[in-house]
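Engineer: Dropping the sequence and predicted coords here.
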Amino acid sequence: MPPHMNVVVCAKQIPDPAAPGELDPNTKTLKREGKLILDDSDAYGVEMGLQLADKAGGGEVTLISMAPNSEVSGLRTALAMGAAKAILVSDEALQGTDSLGTAKVLAAAIKRAEPDLVLTATESTDGYTGVLPAQVAEILGWPSITFAKHIEVADGTAKVQRQTEEGYDEVEASLPAIVSVTAGVVEPRYPSFKGIMAAKNKPVDEVKITDLGLSADDVGWKGARQEIVDVSPAEERQAGEIVEDEGDAHERIVQFLEKLKVI
Amino acid sequence: MAVSTTWVFAESSEGKVATITLELLTKARALGGTVEAFYGGGDADAIAEQLGKFGATKMYAADAGDVLQGAPVAAAMAAQIESGNKPDLILFGQTYDGRDVAGRLSAKLDKPALTNGVDVSADGDKVTVQNAIFGGNTLVQTAFAGDGPFLALFRPKSFAAEEGGGGAAEVVKVGVPDTGTAGQSKVLDRHVEEHTGPKLDEAEVVVSGGRGLGAAEKYEMIEQLAKLLKGAPGASRAIVDAGWVPYAYQVGQTGKVVKPNVYIAAGISGATQHLVGMKGAKNIIAINKDKDAPIFSIADLGIVGDVHKVIPKLLEALQAKG
Ligand SMILES: Cc1cc2nc3c(=O)[nH]c(=O)nc-3n(C[C@H](O)[C@H](O)[C@H](O)COP(=O)(O)OP(=O)(O)OC[C@H]3O[C@@H](n4cnc5c(N)ncnc54)[C@H](O)[C@@H]3O)c2cc1C
Ligand SMILES: Cc1cc2nc3c(=O)[nH]c(=O)nc-3n(C[C@H](O)[C@H](O)[C@H](O)COP(=O)(O)OP(=O)(O)OC[C@H]3O[C@@H](n4cnc5c(N)ncnc54)[C@H](O)[C@@H]3O)c2cc1C
């Protein structure tokens, strides 16, 4: 077991999912205005990273985030949970970046941090493409294990229970590796008051894409090589009959099922 | 030139081809051109006939061994593409392995991947993928720019699986390039959870319970009702996260997509992330004590009532009918 276990956690900062989503009529991409928050899905990675570093008896959690407008609100939440520091990639040139472009940026930032292990969520709440972890792993030339519901690290190896259609697989990979975690892999802690105060002074290293050795052609609209050609409302399903239960509503269900010949 | 060759990333379990693969093969046929499968398992010969029936004339078989398929299968695909077997389009399921292989291949070829698709069309050289966002109320059409192969991932149940009447696919064994440690995520053991009755995503009737059940032990009502209707029990994420039922029961954006004949939602509010997983059902029955619950806006029969009163009576009535 490495005496130091340094973990990078990819932490996406997203618009509040409780607010209804809206597309920008010009760019036809999701509006990302106002304050961003830490994607709930990444709180599991942060907690897992903290626990693994703790178990190893040393090491720390570094956050990596790509976000517009030097956004740090979500990072502060994760720092308050106990992460030591953060690398924030914020650059005008990143507007319109697709998943592969994002993967290039995150992979370059990960190289800077030189971690033993990288944790991500299986998919983000706002974009949910779900291919980013594999893309990052391929760019780095590292093994990856996606959909982890349990992780143990020992002797330079990650042992993971990977969710499957039928149950789960026991999978093992050597470090450094990238592991994507499902909700429920651990119970994320709430930041304490002390944590919140401490987070204000933790270092956030803000970088541009050129600092990472990337050019504007790799990312942004140009890098994406896809074009949204149309946005239209889907056909709505109509509401049917609504019945207040007066003690006999189950009979209505029975009739409905009989009509469909289900019973 | 329209789409002349489409590949489908094939998945299977215990000699049976995954439904999503059959759905993708059916769609690939509709795009015109040649349909070929690419498979990373060790039992290619066992599934060649099934793949052929649904339209694959050929299957590339790259036996990845007991490792996760992402890196080795992506490398095998890239090797074929480099050697000149270049498809215009590669279709993947938005599945565990589909995402791993597509993600790896996307980075390897430096090509974008369009994800969560619900439809695809080809018009001359232009290939367009359709997505449903905001809980399915908005449709977005995205076209690939630049050169193929174009990589696209689709949500299960986006297409109906229909046989095309072809003979067994020709099995072409292809090598798996050495991918170093990247390809060495070793699968040591597989755990299959016991289950009886029809599979959640194949059942004709699905009965799902949500937080409105109030307590974990009340889920038994849902299981009983599902059993009486020869269906499968499902759940909202709220009660999966609460640990009442395993993740495999979850219906929705981050769970299973179901399209049964009848879907019964009991004590489920109808959040958009739940709706995307079930609003393709032919008939929807909702039981919720709040008459303003969003689930009622898509229900064919909505019962404003208490699940603890309605379901026990329903169980009794169904048992009485025998
Ligand atoms: C509705 C919608 C649909 C989209 N569809 C596509 C598509 O089909 N193809 C495509 O290429 N792009 C698509 N995009 C763009 C894509 O979401 C963004 O490029 C995004 O930056 C990366 O993808 P993701 O969050 O979906 O990745 P996912 O693969 O869902 O992310 C997995 C994990 O990676 C980490 N992560 C992701 N982004 C960041 C970040 N910026 N900073 C830190 N960690 C991060 C998080 O841990 C996250 O949970 C779509 C965007 C939206 C809003
Ligand atoms: C990225 C992301 C992905 C998600 N993916 C999924 C997904 O795949 N699937 C999913 O389901 N959710 C998903 N969610 C969560 C979703 O937003 C909702 O939180 C969840 O579906 C709510 O579950 P629920 O309806 O059981 O609970 P609640 O929203 O709490 O609703 C409970 C309902 O029960 C009713 N009720 C209470 N008591 C009774 C009673 N005695 N009798 C009758 N009715 C009663 C209430 O009126 C209420 O409408 C996702 C969320 C995010 C952010």
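Structural biologist: Looks like it came in fine. Ligands and ions are numbered 1, 2, ... in the order given.
Engineer: And for the residue in the stretch 51-200 of chain B that chain A sits nearest to, the neighbour number?
Structural biologist: Closest approach of the stretch 51-200 of chain B to chain A (CB to the nearest CB) occurs at B:G103, with a separation of 2.7 Å. Heads up, the C-betas are built off the backbone N, CA and C, glycines and all. Residues near B:G103, counting by other CB atoms under 10 Å in any protein chain shown, number 32.
Engineer: Ramachandran angles for it?
Structural biologist: Per-residue torsions, B:G103: phi -60, psi -50 (degrees, to the nearest 10).
Engineer: what do you get for the one 4 residues further on?
Structural biologist: In terms of degrees, to the nearest 10, the main-chain angles of B:A107 are phi -70, psi -40.
Engineer: can you list the weak-confidence ranges in chain A?
Structural biologist: Within chain A, the stretches with pLDDT under 70 are A:1-2, A:32-33.
Engineer: residues from it in reach of ligand 2?
Structural biologist: Contacts of chain A with ligand 2, taken as CB under 6 Å from any ligand atom, map to A:P17, A:T125.
Engineer: can you tell me the residue of chain A closest to ligand 2?
Structural biologist: A:T125 (3.9 Å; CB to the nearest ligand atom).
Engineer: Contact partners for that residue?
Structural biologist: Neighbour list for A:T125: A:K12, A:I14, A:P17, A:D39, A:D40, A:S41 [criterion: CB atoms under 8 Å, 6 or more residues apart in numbering or on different chains].
Engineer: if we can go back for a sec, which residue, other than its chain neighbours, is closest to the residue of the stretch 51-200 of chain B closest to chain A?
Structural biologist: A:A134 (2.7 Å; CB to CB, 6 or more residues apart in numbering or on different chains).
Engineer: same thing with A:Q51?
Structural biologist: Nearest one to A:Q51, counting by CB to CB, 6+ apart, is A:V186 at 6.3 Å.
Engineer: Give me the neighbour count for the one you found.
Structural biologist: Neighbours of A:V186 (other CB under 10 Å): 20.
Engineer: so what are the domain limits for chain B?
Structural biologist: B:5-183, B:200-321 (automatic domain parsing).
Engineer: who touches the helix or strand containing A:P133?
Structural biologist: Using DSSP states H and E, A:P133 sits within helix A:132-140. With CB under 8 Å, 6+ apart as the test, helix A:132-140 has contacts from A:10, A:99-100, A:102-104, A:106-107, A:110-111, A:118, A:120, A:122, A:124, A:143-144, A:146, A:176-178, A:180, B:70-71, B:74, B:99-104, B:106-108, B:182.
Engineer: Do the very next helix or strand once past it and ligand 1 come into contact?
Structural biologist: Next helix or strand after helix A:132-140 toward the C-terminus (DSSP H and E): strand A:144-154. No. Residues of strand A:144-154 are not located near ligand 1 by CB under 6 Å from any ligand atom, the shortest gap being 9.5 Å.
Engineer: Show me what strand A:144-154 is packed against.
Structural biologist: On a contact count with 3 or more CB pairs under 8 Å, 6 or more residues apart in numbering or on different chains; DSSP states H and E, strand A:144-154 meets helix A:40-56, helix A:132-140, strand A:157-163, strand A:167-174, strand A:177-181, helix B:70-82, helix B:96-109.
Engineer: of all the ones you listed, which lies closest to ligand 1?
Structural biologist: Ligand 1 lies closest, by CB to the nearest ligand atom, to one member of the helices and strands packed on strand A:144-154: helix A:132-140, at 3.1 Å.
Engineer: hmm, the closest one in reach of ligand 1?
Structural biologist: Yes. Contact of helix A:132-140 with ligand 1 (CB under 6 Å from any ligand atom) involves A:L132, A:P133.
Engineer: got the angle for that helix vs strand A:167-174?
Structural biologist: 20 degrees (axes from the mean of the first three to the mean of the last three CA atoms, to 10 degrees).
Engineer: Send me helix A:132-140 as PDB with only the CA atoms.
Structural biologist: C-alpha atoms of helix A:132-140 as PDB (Å, rounded to 0.1, in the frame of the first residue of the first chain):
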ATOM      1  CA  LEU A 132     -16.200  10.900 -20.100                       C
ATOM      2  CA  PRO A 133     -14.500   8.500 -17.600                       C
ATOM      3  CA  ALA A 134     -13.500   6.100 -20.400                       C
ATOM      4  CA  GLN A 135     -12.400   8.900 -22.600                       C
ATOM      5  CA  VAL A 136     -10.100  10.300 -19.900                       C
ATOM      6  CA  ALA A 137      -8.700   6.900 -19.200                       C
ATOM      7  CA  GLU A 138      -7.900   6.300 -22.800                       C
ATOM      8  CA  ILE A 139      -6.100   9.600 -23.200                       C
ATOM      9  CA  LEU A 140      -4.000   8.800 -20.100                       C
END
